[in-house]
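Engineer: Predicted model follows, preceded by the sequence.
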Amino acid sequence: MVNFISRLVMSFSGFAATVVLTRTLGQEQYGTYVVVLSVLAWVAIAGNLGLTPAVRKRVSEATDGNFVVSGILAQLGLYAIVAAGLWLARPYLNSFMEIEATGILIAMLGVSLGVNLVQAILQGQHLVHVSSVLAPIQWTSRSIVQVALVLSGAGIAGAFAGYIVGAIVAIAIGLYFVSVPAMRPTREDFHRLRSYAQFSWLASVKGRTFLSMDTVILAVFISNSLIAVYEVAWNLASLFAIFGSSISRTLFPEISKISSEDGVDGNISGLLRVSLAYTGLFIIPGLVGAALVGDTVLTVYGPDFDVGYYILLVLTFARLLYGYQGQFMNTIDAVDRPDLTFRVNAVFVAVNLVLNVLLTWQYGWYGAATATTTSAALGLGLGYYYATTIMDVTIPFSEIGKQWLAAGAMAAVVLAGRVAIDDSIPAVVLLVGVGALVYFAALLTLSREFRTTVEDNLPIAVPVLGSE
């Protein structure tokens, strides 16, 4: 819950900052900022090479070794190599990004890798709640600085500066909570990190492929102004998916510890079932709500952003599929079988790349969104298959179906409200609030499991929520 609330705060602070940036910088400059961030995300993979998930896994296990210091040393070495390569390639990078920003890109890469490593260490040390709080701290700090500098006339440079400042603040706070083992790192520590990272690096490629391969390919075929609309639609779709992501982050160290001590057993299968049951808790009504009021919500970013309505729907559905896929992959990785996720990731990346190039070339941003969705569906199928080879998998169809039924009840109320009142932003905000209340009330009525979960996690007893 701490992770979810933290990511929710992070998303809304980012939402507010994005509205200011799109309206102040304009679609063209904001699109340039998005392209730079997409390039950053890809070079960050080269600067990490699977090290972050390897550190998280090894630190979370009940074993000896100083994977904190060995992880930091390995990260510094990788960063130095990639930074040098970026500097040598700066003429080509600046040309692609359409801005002289390679030096800024290198600085952003350093702080980005630092934040990810600190969070991985904290998660491995079973401090997921502390790691989770770093995200809203980073994003809120970033947003405050960005808004202040952009409104003061700093332009896109203010957006870059805010990114760096936010990450530095998060790193400083996170390091305070990191526990460093007293022993010196050994060659065996580096070997164990490498043995996991040699498979997990492709997971980073796969994740980044899903998140921004379409943006990079779109930069070749369409204008930065349309990329800005696409990115806004993607951010809204991602907002609905944060609860599923919170489940993955929370369960990974717990599953990892259980598997290292007792092997793959029924407890792990039960945790996988729970993760699947609640992955769609927010994104299912989010998809239905986007279909009903998404066009008006997009106009918050500017009057021309509503052209991304259908893109929003396709990307939200892609996020739903990817969320379920993520639970299978997270569990397989946690039980120390990165070789299996490597196979899924290899197929995912290859298919996503080919489809993005072909479909974007032929159909523009609709092709890019379709490529992302198709890849997510394929990855979901493969993730399920490989999970069944190492454990008993139970799909909670009943709980997922009840979430869809509750979303249907919400849709009826929201649709009636939209017909009865105007399409202004305040009216839509009201409908969103009413729809959320209807959804959760319907789900509490339909699902005994959900009632029990809510009751078990409330600080006080609420008789009306009794599961009987």
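Structural biologist: Nice, I can see it. Numbers count the residues shown, from 1 in each chain.

Engineer: so where do the strands sit in the stretch 51-200 of the chain?
Structural biologist: The residue ranges that make up strands in the stretch 51-200 of the chain, judged by DSSP state E, counting those that start in this stretch, are empty, as it has none.

Engineer: where does it have low pLDDT?
Structural biologist: Scanning the stretch 51-200 of the chain for pLDDT under 70 picks out 62-63, 200.

Engineer: what about the stretch 201-350 of the chain, any weak spots by pLDDT?
Structural biologist: Judged by pLDDT under 70, the stretch 201-350 of the chain has its weakly predicted residues at 201-216, 222-224, 262-263, 265.

Engineer: cutoff 80 now
Structural biologist: 201-228, 231, 235, 239, 242-246, 249-250, 252-253, 257, 259-266, 300-306 (pLDDT under 80).

Engineer: So which residues of the stretch 1-150 of the chain form helices?
Structural biologist: For the stretch 1-150 of the chain, applying DSSP state H, counting those that start in this stretch gives helices covering 2-46, 51-60, 67-88, 90-97, 102-124, 128-151.

Engineer: For A182, find the nearest of these.
Structural biologist: Taking CB to CB as the criterion, A182 comes closest to helix 67-88 out of the helices of the stretch 1-150 of the chain, the separation being 10.3 Å. Where C-beta positions appear, they are placed from N, C-alpha and C, glycine not excepted.

Engineer: Which neighbouring elements make contact with that closest one?
Structural biologist: In this structure, helix 67-88 makes packing contacts with helix 2-46, helix 51-60, helix 102-124, helix 187-208, judged by 3 or more CB pairs under 8 Å, 6 or more residues apart in numbering; DSSP states H and E.

Engineer: Not counting sequence-adjacent ones, nearest residue to T373?
Structural biologist: Distance criterion CB to CB, 6 or more residues apart in numbering; nearest residue to T373, sequence neighbours excluded, is A318 at 4.0 Å.

Engineer: go on, G65?
Structural biologist: Distance criterion CB to CB, 6+ apart; nearest residue to G65, sequence neighbours excluded, is D189 at 4.7 Å.

Engineer: one step back: as TSV, the helices and strands packed on helix 67-88 with distance to F243 and mean neighbour count would be great.
Structural biologist: Listed next are the helices and strands packed on helix 67-88 as TSV, based on distance: least, CB to CB, whole Å; neighbours: other CB atoms under 10 Å:
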stretch	distance to F243	mean neighbour count
helix 2-46	5	20
helix 51-60	20	26
helix 102-124	17	22
helix 187-208	18	19
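
Engineer: Kindly reformat these as CSV and extend each row with distance to Y324.
Structural biologist: Written out in CSV, the entries for these read as follows (distance: least, CB to CB, whole Å):
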stretch, distance to Y324
helix 2-46, 17
helix 51-60, 20
helix 102-124, 21
helix 187-208, 15
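
Engineer: Looking at the ones you listed, which is nearest to G174?
Structural biologist: Taking CB to CB as the criterion, G174 comes closest to helix 102-124 out of those, the separation being 3.8 Å.

Engineer: correct me, but F450 touches L443?
Structural biologist: Yes. Using CB atoms under 8 Å, F450 and L443 qualify as a contacting pair, with a distance of 5.4 Å.

Engineer: and for those two, which residues touch both?
Structural biologist: Taking CB atoms under 8 Å, 6 or more residues apart in numbering as the contact criterion, the common neighbours of F450 and L443 are K402.

Engineer: which other helices and strands contact the helix or strand where Y366 lies?
Structural biologist: Element membership for Y366 (DSSP states H and E) is helix 338-388. The contact analysis (3+ CB pairs under 8 Å, 6+ apart) places helix 338-388 against helix 187-208, helix 214-221, helix 224-240, helix 309-334.
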